[in-house]
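> Below: sequence and its predicted model.
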Amino acid sequence: MALKNLEKYIPNEDTKFILVDEVQFFSTTDVDILARIADDKNIVVICYGLMVDSNENIFPASRRLIEKGADLHHMPTNCQCENCTKTATHHLRFDANGNVIRAGQQFALGDSNYRSVCRKHFYLIYNGFLKYK
């Protein structure tokens, strides 16, 4: 079920689990509601999403999950730079010409403009010392 916000959401009586994808795009109020549902209704709530945007700023919903004491589990993936085997910890966003986007709206649909990279490659590419290949 896709919801615009959770302010009026009431889980069915037989709900055991709630799975949330792309939680970084939720509001902090929605995170509070999810925590309240987990605590009051004894429902397991599992959220998936990014911690930081493509400018290394933590998403408000991700910050709120930490503030609420959520159990966080890192799901590792590899850096998408050629010949790199390090764990991806950052995300770069590119325009249609392959240039790094450093400002503006951080909510963009689709994943074709994003690349997951390690911290070293993020620094080098974001600051223009290396071109993404």
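Received the coordinates, thanks.

> Look up how far residue 19 lies from residue 56.
Using Cβ to Cβ, to the nearest Å, one gets 27 Å for the distance from residue 56 to residue 19. For the C-beta atoms, the positions are set from N, CA and C on the backbone; glycine is no exception.

> should've said residue 74
Taking Cβ to Cβ as the measure, residue 74 falls 18 Å from residue 19.

> next one: residue 11
For residue 11, the distance to residue 19 equals 12 Å [Cβ to Cβ].

> And residue 67, by the same measure?
Remark: distance between residue 67 and residue 19 (Cβ to Cβ) = 21 Å.

> okay, these two: which has more neighbours?
Each of residue 67 and residue 19 has its neighbours counted (other Cβ atoms under 10 Å); residue 67 has more, 12 against 9.

> Quick check: phi and psi at that one.
Dihedral angles of residue 67 (phi, psi; degrees, to the nearest 10) stand at phi -60, psi -30.

> Also residue 126?
For residue 126, the backbone dihedrals (degrees, to the nearest 10) come out as phi -60, psi -40.

> my guess is it meets residue 100, correct?
Yes. In this structure, residue 126 sits in contact with residue 100. The criterion is Cβ atoms under 8 Å, and the distance is 5.7 Å.

> Need the residues touching each of those two.
When contacts are counted by Cβ atoms under 8 Å, 6 or more residues apart in numbering, residue 126 and residue 100 have residue 92 as shared neighbours.
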